[in-house]
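Q: sequence and computational prediction follow.
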Amino acid sequence: RDGKGYQAWLHARLTRLVAPVVPLLIFWAGISIVAGSLGVDPELVRNASRLALIPIWFLAVYILVIVLVPVASAAWQRYGLASFWLPVSAAILVDALAFGQGLLVLRWTNYAFVWLAVHQLGFLWRDGRADQPIVAAVLVAHRDGAVIGQPVHGRGIAWVLGQLDGIRQAVDRYVRAHVT
């Protein structure tokens, strides 16, 4: 947006994202070393580290999304809202394979697919078209924890999208009955 090339933009963006994490990692490594030397139970240190560093997991997925901005932007320019449905379809396929064939390890890929799909909605918002029903539906699903690749009550994104279609149909019925 500011006329910088992709490399300069990416470098600046990654620096802003990663720089605050480095002191946290150094601080936590120091705490872990000190705790270990004081004889603190290694399992306790391991669990405390997991809890302290949980927020960092999403950074890896977000960085992937940031790196793919040129591809995502080109897809938006060429295919519009259809570029949202490609990663959604990939997430549905992953759920089908994970739950249907027992390939649960594949579910980790849904973090990338779903975040890419939500990222595409950012282009919709930027274009001033975020009032479309799909945005509200995705936000509802995200609020419920479904769109980040996590199952809702043991169900995956295919179930969520079925619920969203039901919501869309209910909204359509309400609008037809009360607005038109």
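A: Yes, it's here.

Q: show me where pLDDT drops low in the chain?
A: Within the chain, the segments meeting pLDDT under 70 span 1-2, 130-175, 179-180.

Q: can you do 80?
A: 1-3, 54-55, 57-58, 125, 128-180 (pLDDT under 80).

Q: show me where it has helices.
A: 6-18, 21-37, 42-53, 57-67, 69-79, 82-101, 109-126, 133-143, 157-178 (DSSP state H).

Q: got TSV for these, with mean neighbour count too?
A: Where C-beta positions appear, they are placed from N, C-alpha and C, glycine not excepted. What follows is the helices of the chain, written out as TSV (neighbours: other CB atoms under 10 Å):
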stretch	mean neighbour count
helix 6-18	12
helix 21-37	12
helix 42-53	12
helix 57-67	14
helix 69-79	14
helix 82-101	18
helix 109-126	20
helix 133-143	16
helix 157-178	14
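
Q: dump the residue contacts of Leu59.
A: 17-18, 21 (CB atoms under 8 Å, 6 or more residues apart in numbering).

Q: quick check: nearest residue in space to Ser83, chain neighbours excluded?
A: Leaving aside its sequence neighbours, Ser83 sits nearest to Ala75 (CB to CB, 6 or more residues apart in numbering; 3.8 Å).

Q: for the one you found, list the residues it contacts.
A: 83, 86, 120.

Q: touching, the last one and Gln77? I think so.
A: No: between Gln120 and Gln77 there is no contact, the gap being 11.4 Å when judged by CB atoms under 8 Å.

Q: returning to that earlier point: and which of the contacts of Leu59 is nearest Thr109?
A: Minimum distance to Thr109 across the contacts of Leu59 is 21.4 Å, recorded for Leu17 (CB to CB).
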